[in-house]
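>>> I'll drop the sequence and a predicted model, then ask my questions.
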Amino acid sequence: MTEEDDEKMILKLAGDRIGDPLCDPGLDDDAFDRALAAQLTRSGDHDVALLSRSVLSALSEDSAVGTMPQGEVLSEPLTWGAGFAGLLLLFAGIGYAAVPLFDGGTSQLMSDMSGLMSLLGGM
Amino acid sequence: MTTTPAEAKDLMAALVAGDRRALAQLIQAYGPGIRRYAAQVLTVTSEAEDVAQEVFLRAWRKADSYDPDKGAVSTWLYRIAVNLCIDRNRRGGFRRFVGLEAMPEPEDDTPGAEDGLDARQRLARTRKAIAQLPERQRRAILLKITGDLSTAEIAATLGTSEGAVEQLLVRARTALRATIDREDELP
């Protein structure tokens, strides 16, 4: 770049700085706020047609579908609950049936493991 | 369209009665400011429209919880907006931390080609300066410049005193002037 190009660049930057209201040290607070607001405002900001349409559409969908009851976590809670209880009883029965099969050492091991599991479960 | 505080309260009363035209008028009155606020506060700027939509949906669903004796409609709406933006940023931050969401792409919300390089550079500089402010100063100054709220309204929105808001605004302006001035120094 030549010296002439450097000078043009400096003058351009100076012009930018001078033209920018936020760089004016004499600006009072209200004028500073207005200048900030002007910089952050984009063309079309005041157009809320799309926003309005999307809000009203969402309301129409809410009305059409209806509000989901808060309690509908499970579709058939009784069936699921009964199934869970049935599984608990099944494995409890298997466990009791299997007790005579364990010798002393295995029984002690199982007792220790169940103690550990209950400790972990409590944590 | 300028809506006076009294007119806004009448619109809220109509909202409670289920008048959707009142909702449309509220959106017309407060939508631009709320959307501008969200665009400056949210980490992902493109979510501003979603947040603005959610603000008015909540206003519709909870219109009966608005008490006209306790504050202006603008305060009530902007409080919803402030809280929604906080939640959205928090959730988004957690999701990005655990890798459920990619980091947002740098937003290209420049004013438009016809506005030229100068305006784009100034906007980027200003947005960066605002983002560097402490959170409460940022919220206060953005409520002022995007929503044009009064000091009393900002205080009610943020749940603090007018004196505290004045302090926040003074500090925010000082910091912004210093940052913008520093970044604009000639080489």
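Noted; the coordinates are in hand. Numbering: from 1, shown residues only, chains lettered A, B, ... in the order given.

>>> In contact with B:Ala14: list those residues for me.
Counting by Cβ atoms under 8 Å, 6 or more residues apart in numbering or on different chains, B:Ala14 touches B:21-22. Quick note: C-beta positions are derived from backbone N, CA and C, even for glycine.

>>> Could you measure from it over to chain A?
According to Cβ to the nearest Cβ, to the nearest Å, B:Ala14 and chain A sit 14 Å apart.

>>> from the middle of its chain, how far away would the helix or strand harbouring that residue be?
Using DSSP states H and E, B:Ala14 sits in helix B:5-16. On the basis of Cα atoms, centre = their mean, to the nearest Å, helix B:5-16 is displaced by 21 Å from the centre of the chain it belongs to.

>>> what element comes up after that helix heading to the C-terminus?
Past helix B:5-16, the next helix or strand by DSSP H and E is helix B:20-41.

>>> Kindly export that following helix (C-alpha atoms) in PDB.
The C-alpha coordinates for helix B:20-41 follow below in PDB (Å, rounded to 0.1, in the frame of the first residue of the first chain):
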ATOM      1  CA  ARG B  20     -58.200 -12.800  20.700                       C
ATOM      2  CA  ARG B  21     -58.300  -9.400  19.000                       C
ATOM      3  CA  ALA B  22     -57.000  -8.000  22.300                       C
ATOM      4  CA  LEU B  23     -54.100 -10.400  22.200                       C
ATOM      5  CA  ALA B  24     -53.300  -9.400  18.600                       C
ATOM      6  CA  GLN B  25     -53.200  -5.700  19.800                       C
ATOM      7  CA  LEU B  26     -51.000  -6.600  22.700                       C
ATOM      8  CA  ILE B  27     -48.600  -8.400  20.300                       C
ATOM      9  CA  GLN B  28     -48.700  -5.300  18.100                       C
ATOM     10  CA  ALA B  29     -47.800  -3.000  21.000                       C
ATOM     11  CA  TYR B  30     -45.200  -5.100  22.800                       C
ATOM     12  CA  GLY B  31     -44.100  -7.800  20.300                       C
ATOM     13  CA  PRO B  32     -41.400  -5.800  18.600                       C
ATOM     14  CA  GLY B  33     -39.700  -4.800  21.900                       C
ATOM     15  CA  ILE B  34     -39.900  -8.200  23.400                       C
ATOM     16  CA  ARG B  35     -38.500  -9.800  20.200                       C
ATOM     17  CA  ARG B  36     -35.700  -7.300  20.100                       C
ATOM     18  CA  TYR B  37     -34.900  -7.900  23.800                       C
ATOM     19  CA  ALA B  38     -34.800 -11.700  23.200                       C
ATOM     20  CA  ALA B  39     -32.600 -11.300  20.200                       C
ATOM     21  CA  GLN B  40     -30.000  -9.500  22.200                       C
ATOM     22  CA  VAL B  41     -30.200 -11.700  25.300                       C
END
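
>>> packing partners for it?
On a contact count with 3 or more Cβ pairs under 8 Å, 6 or more residues apart in numbering or on different chains; DSSP states H and E, helix B:20-41 meets helix A:49-65, helix B:5-16, helix B:48-61, helix B:73-97, helix B:135-147.

>>> Need the contact partners of the last one.
When contacts are taken as Cβ under 8 Å, 6+ apart, the neighbours of helix B:135-147 outside the stretch itself are A:33, A:36-37, A:40, B:30, B:33-34, B:36-37, B:40-41, B:74, B:78, B:82, B:130-131, B:133, B:149, B:153-154, B:157-158, B:165, B:168-169, B:171-173, B:175-176.
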